[in-house]
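Undergrad: Quick one: sequence and predicted model below, then my questions.
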Amino acid sequence: MIRVQSVASDSIGGELGLVPGTELVAVNGRPLEDFLDWEFLTADERFLLAARLPTGDEVEYDIERPEGLPMGVTLEPPRIRRCGNHCDFCFVDGNPDGLRTPLYIRDDDYRLSFRYGNFATLTNLKPWDMERIVEYRLSPLYVSVHATDPTIRRWLLRNPEAPDILPQLVWFAERGIAFHTQVVLVPGVNDGVELERTLAGLYGVGPGVLSVSVVPVALTEFSKHGLVRELTRDECRAALAAVDRMASRALADRGAPWCYGADDLYLQAGEPLPDAAWYGDFEQRENGVGSVRFLQTRIATAVDRLPDLAGKRIGVVTGKAMGPLMPQVLGEVAAATGGRFELVVVENTLFGSSVTTAGLLPGAAIERALTDRRDLDFVLLPAEAVNDDLVFVDDVSADDLAGRAPMPVRLSYDFVDVLVECGVRSAECGIEGHTPHSPFRTPHHGVGKGEV
Ligand code: SF4
């Protein structure tokens, strides 16, 4: 059973009289377990919906749904499948106390993998889940493989019950399900010869494995440092060499590199990033693979639409990881706009200085970094650092931060979203011809997850 959270008034759901709190019980007699059932079973043009209104009345609707017309129903958030693994490098264990409750949830949920690209391990699949993945064609899924050797993988996941991943992937691939995979590299465990074995094993699955990313393990001050350490520069270089060998083979056989090192791996190895063309469609960008090149590509394609910012000083907040890479990106925006873009590199005071990604920057640290920067005309903040409620990892709201900052601030994923697509208010930066917007509603926000 699933429950309605809200209904758009000018929609099929609104016309039916569905209201918040309505229980959606079954479609064509098939019980509804979650949002996937709802989306897939109501995709037909005609179906019977059994529901229970908050009054307790049970109703059956005979629904005609012309193609493409949304039901207008947003469901209550799904109960997230918890992770049964206990990786030494688990980021949840690396969280300090006092964060928002959801940040302590270890999710391992194939449904979120399909919907949002979260990585899942497939260690908690029941036969019913496997059938469902095939029936609903939940493809591609994002899978944390780490190692194809079952013993090593079980050790990494700290889960002696973890099934053998290769037969699992093959079973799904034979039924038309594809995967983007990742290997989080833990020195002394799944690097070296094990990495080569894992890449070869995944490659051997065939086209069902669409890509593999190799990501260096990242630890915080609160991680289990007695059990796991980060890679040295030489270990990163060796891993990149293995990635290159496999990518060369894939390029020759399949016409695409298939196997990618995360930006962080290049950074830690002190080696230059591949060109943008290397990353194809940037399919693992959200996993930190090709993010810098993606940013540059976005800017290059929007160059003609970027505003004239001559005489303006624009701050760009980022974490230490992007600090060394960002100047090449900023140079391109500056050249295109005439503005002066200045990097504001913020250290992570919450997780410790070893956590360098912009997406985990606490609002309080950003605020401190901006307090005395009255010289800046406006500032772009990393949009990936807030959740859908526009709250930073330390519970500081972006709106509150904006209210206290000495200059206008905007959340941005890639510069282009703010400078072109959303516009920057002329009162803030003197750009003419831009429509005022809510400061924090970029096109990426406010999208109703779960709304169909
Ligand atoms: S799979 Fe490992 S890293 Fe991921 S949530 Fe579970 S314990 Fe944490």
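TA: Sure thing, it's come through.

Undergrad: What is the neighbour count of the residue lying closest to A276 once chain neighbours are set aside?
TA: The shortest distance from A276 to any residue that is not its chain neighbour, by Cβ to Cβ, 6 or more residues apart in numbering, is 4.0 Å, and that residue is R293. C-beta coordinates here come from the backbone N, C-alpha and C atoms, glycine included. Counted with other Cβ atoms under 10 Å, the neighbours of R293 add up to 21.

Undergrad: ok, now how distant is R293 from the ligand?
TA: Applying Cβ to the nearest ligand atom, to the nearest Å, one obtains 27 Å for the distance of R293 from the ligand.

Undergrad: residues near the residue lying closest to S223 once chain neighbours are set aside, how many?
TA: Spatial nearest neighbour of S223, chain neighbours left out: G94 (4.2 Å); criterion: Cβ to Cβ, 6+ apart. Neighbour count of G94, defined by other Cβ under 10 Å: 19.

Undergrad: now V143
TA: Using other Cβ under 10 Å: V143 sits among 23 other residues.

Undergrad: Surely it touches V183?
TA: No: between V143 and V183 there is no contact, the gap being 10.4 Å when judged by Cβ atoms under 8 Å.

Undergrad: hmm, back to that, give me phi/psi at the residue nearest to S223?
TA: Taking degrees, to the nearest 10, you get phi -90, psi 0 for the backbone angles of G94.

Undergrad: residues touching it, list them.
TA: Residues touching G94, when contacts are defined by Cβ atoms under 8 Å, 6 or more residues apart in numbering, comprise 219-223, 351, 355.

Undergrad: Chain neighbours aside, what residue packs nearest to the residue of the stretch 251-400 of the chain found nearest the ligand?
TA: Ranking the residues of the stretch 251-400 of the chain by distance to the ligand (Cβ to the nearest ligand atom) places N287 first, at 13.1 Å. Here the nearest residue to N287 in space, its sequence neighbours aside, is S213; by Cβ to Cβ, 6+ apart that works out to 5.3 Å.

Undergrad: So the one you found, which state does it fall into?
TA: Taken by DSSP: H, G, I helix; E, B strand; the rest coil, the conformation at S213 corresponds to strand.

Undergrad: quick revisit: which element, helix or strand, includes the residue nearest to A276?
TA: helix 291-302 (DSSP states H and E).

Undergrad: try T148
TA: Using DSSP H and E, T148 falls outside every helix and strand.

Undergrad: ok, it to R132 distance?
TA: 25 Å (Cβ to Cβ, to the nearest Å).

Undergrad: Name the residue in the two with the higher neighbour count.
TA: T148 (23 against 19).

Undergrad: and the nearest residue to the more buried one once chain neighbours are set aside, how many neighbours does it have?
TA: The shortest distance from T148 to any residue that is not its chain neighbour, by Cβ to Cβ, 6+ apart, is 3.6 Å, and that residue is G201. Using other Cβ under 10 Å as the criterion, G201 is surrounded by 17 other residues.

Undergrad: cool, and G331?
TA: G331 sits with 12 neighbouring residues when counted by other Cβ under 10 Å.

Undergrad: other SSEs contacting the host helix or strand of it?
TA: Element membership for G331 (DSSP H and E) is helix 326-337. If you count contacts as 3 or more Cβ pairs under 8 Å, 6 or more residues apart in numbering; DSSP states H and E, helix 326-337 packs onto helix 291-302, strand 313-319, strand 340-346.

Undergrad: returning to what we had before: does the residue of the stretch 251-400 of the chain closest to the ligand really touch S211, like I thought?
TA: No: contact between N287 and S211 fails when scored by Cβ under 8 Å: they sit 9.7 Å apart.

Undergrad: returning to what we had before: what residues are up against the residue nearest to N287?
TA: If you count contacts by Cβ under 8 Å, 6+ apart, then S213 has 180-183, 260-262, 284, 287-289 around it.

Undergrad: In strands only, show me those residues.
TA: With strands identified by DSSP state E, the entries of the contacts of S213 that belong to them are 180-183, 260-261.

Undergrad: Can you give me every residue that contacts the most centrally placed residue in the chain?
TA: For the chain, the residue whose C-alpha lies nearest the mean C-alpha position (Cα atoms, centre = their mean) is E286; its distance is 4.6 Å. Contact partners of E286, counting by Cβ under 8 Å, 6+ apart, are G117.

Undergrad: Contact residues of this protein facing the ligand?
TA: Taking Cβ under 6 Å from any ligand atom as the criterion, the chain approaches the ligand at residues 83, 85-87, 90, 92, 106, 108, 121, 157.

Undergrad: residue boundaries of the strands in the stretch 101-250 of the chain?
TA: With DSSP state E, counting those that start in this stretch as the criterion, the stretch 101-250 of the chain has strands at 141-144, 179-185, 209-216.
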